[in-house]
Structure formats: structure tokens, C-alpha cells
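Asker: here you go, sequence then predicted model.
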Amino acid sequence: MSIWKKNLSLDILNQTSANTLIEHLDIKYTAFDEQSLTATMPVCQFTHQPFGMLHGGASVVLAETLGSLAANFCVSEDYYCVGLDINANHIRAMRSGMVIGTATPMHLGATTQVWQIDIKDEKQRLVCTSRLTIAVQRHKRAQP
């Protein structure tokens, strides 16, 4: 059974990135299924730290991007989701290529969600693993 409560397509997902940090880092949503969302990010000069390796902060941006957007597509139009806490373990250094992140839910509750985001290299080796806790909020409607 699908976790998605809103219309989902790669075009819709990628349109959300316009004029954001996500677009600047060239993060692209590439796949989704009934239980996960996947995106890619290049490992290059604008995602490097000063020693020429993938910046841990760039990995965290990819993780939070995937988990936050996925969370927002798992709630009805009456709600929105924001990141509450994130952690990341950086496992493998990368200097070039592409990383692929996949977000899967660990918990989809009424007030919180918890997402696991694994970021791998093109050989499917783990580069970073992250856990994101999400706050689920009800939209405040204007009073008449």
C-alpha cells in the first residue's frame, strides 16, 4: 500500500527545487515507489569540502531534502511537515561521481515522522546514513 497522499510525479517533485539550495546543488529526484523516494546529487566542486571530498553538509542537505519532501507528500493538504532533528554518519569519502539517496519511512505518525535516508555511491556502497525526525503541523487557516 502506498504511503503517498498527494499526486506524485518526478516532474512535480523536481519543480519544487526551482530557485532553491536544492537546485544549486543539482539534486534531482529520480525515482519513487510505494514506500520510498530517491534522488541524485553530483560530487564535484560545489559539493566538495576544502580537501576535495564530498562535504558532509552536502550529504545532510540531500538527506533532509529527501526526507522533508517525502514527508510532505505523506500528509493531506491540511498538514505540512518540517524537519525537527537530523543526524548523519559519514561512512565513505567520495571525490567525484554521483551519490544516490533513498528515503524510507520508519514511522509515519499523526504529529511526527521518522525517515531513514541512505546515501550510496554508483557502486551501491554506503556513503552516508541519516535519520530525520519530522514535525507534522496543521496549516493555520485565516479567520474570517
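Answerer: Ah, there it is.

Asker: spell out, range by range, the helices that occur in the protein.
Answerer: With DSSP state H as the criterion, the chain has helices at 10-15, 21-24, 56-72.

Asker: and stretch 100-118, how far from the chain's centre?
Answerer: Distance, stretch centre to chain centre, for stretch 100-118: 9 Å (C-alpha atoms, centre = their mean, to the nearest Å).

Asker: can you give me the buried ones in stretch 116-133?
Answerer: 116-121, 127-133 (16 or more other C-beta atoms under 10 Å). Using the backbone N, CA and C atoms, a C-beta is placed for each residue, glycine as well.

Asker: check the helices of the chain for me and report the most buried one.
Answerer: Ranked by average neighbour count under the criterion mean count of other C-beta atoms under 10 Å, those are headed by helix 56-72 at a mean of 23.

Asker: identify the bridge partners of residue 119.
Answerer: Counting by DSSP bridges, residue 119 is bridged to residue 101, residue 128.
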